[in-house]
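**Q** Sequence first, then the predicted structure, then my questions.
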Amino acid sequence: MSRIGNKAIQIPAGVTVNVAEGNHVTVKGPKGELSFQFNSELEISVDATEIVVKRPNDTKEIKTIHGTTRALLHNMVVGVSEGFKKQLEINGVGYRAQLQGNTLVVSAGYSHTVEMPVPEGLKVELPKNTVIIISGIDKQKVGQFAAEIREIRKPEPYKGKGIKYDYEVIRRKEGKTAKK
């Protein structure tokens, strides 16, 4: 029994869900529109207030995608109604970020700056030059772009320098001690 897959997804007001032939699902809401092609063996039923994902049999392949399909559908509904947001913090002397048009320019202790074009459908805000906020309706795109920015300079445990998520806690290590 899939605990996640059997849960019904509540559809908020202002969101419409259409299931076309072959389980091509389109979700429209106040923030935008998302569509995805799900496995055609699963049964996705939509009524006025909720979406239910059912599996026809208990083969291993179907069981593995049942919960995943429900989670992806839930993320689509939440994305078009509320949206997703990730916040990154930059720590280090001289480390900063700035927006130049549709390009994020990060200075993170290298001899050069790192330029990253902002993917389509995402919005990047810089309230301070050491805080980056990424928002959008597609959870996968938001998370992927945040991970790519963090990859520029991962936080190191000795001085805590680098780019980290706002909720991330860096375990600090003690440096070398001198012998007497």
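**A** Here it is on my side, so go on.
**Q** all strands of this structure, in order?
**A** Secondary structure of the chain (DSSP state E): strands located at 9-10, 16-20, 24-29, 32-37, 43-46, 50-54, 84-91, 96-100, 103-107, 114-117, 122-128, 131-136, 162-165.
**Q** how near is the closest residue to Gly79 other than its chain neighbours to Ile163?
**A** Spatial nearest neighbour of Gly79, excluding adjacent residues (CB to CB, 6 or more residues apart in numbering): Ile137 at 4.0 Å. Using the backbone N, CA and C atoms, a C-beta is placed for each residue, glycine as well. Distance of Ile137 to Ile163, given as CB to CB, to the nearest Å: 24 Å.
**Q** Please work out the angle formed by the directions of the longest helix along the chain and strand 32-37.
**A** Using DSSP state H, we find that the single longest helix of the chain is helix 60-81. If you take axes from the mean of the first three to the mean of the last three CA atoms, to 10 degrees, helix 60-81 sits at 170 degrees to strand 32-37.
**Q** Could you pull out the buried residues of helix 60-81?
**A** For helix 60-81, burial by neighbour count (16 or more other CB atoms under 10 Å) applies to 62, 65-67, 69-81.
**Q** That one packs against which elements?
**A** strand 9-10, strand 24-29, strand 32-37, strand 50-54, helix 139-152 (3 or more CB pairs under 8 Å, 6 or more residues apart in numbering; DSSP states H and E).
**Q** make it 6 Å
**A** strand 9-10, strand 24-29, strand 32-37, strand 50-54 (3 or more CB pairs under 6 Å, 6 or more residues apart in numbering; DSSP states H and E).
**Q** what's the average pLDDT for it?
**A** Averaging pLDDT along helix 60-81 yields 91.
**Q** Kindly calculate the angle that that helix makes with strand 16-20.
**A** Using the same axes, to 10 degrees, helix 60-81 lies at 140 degrees relative to strand 16-20.
**Q** Low-confidence bits of this protein, can you list those?
**A** 1-2 (pLDDT under 70).
**Q** Output the helices and strands packed on helix 60-81 as TSV; include the columns distance to Thr130.
**A** Formatted as TSV, the helices and strands packed on helix 60-81 follow (distance: least, CB to CB, whole Å):
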stretch	distance to Thr130
strand 9-10	38
strand 24-29	33
strand 32-37	29
strand 50-54	41
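**Q** Many thanks, we can stop here.
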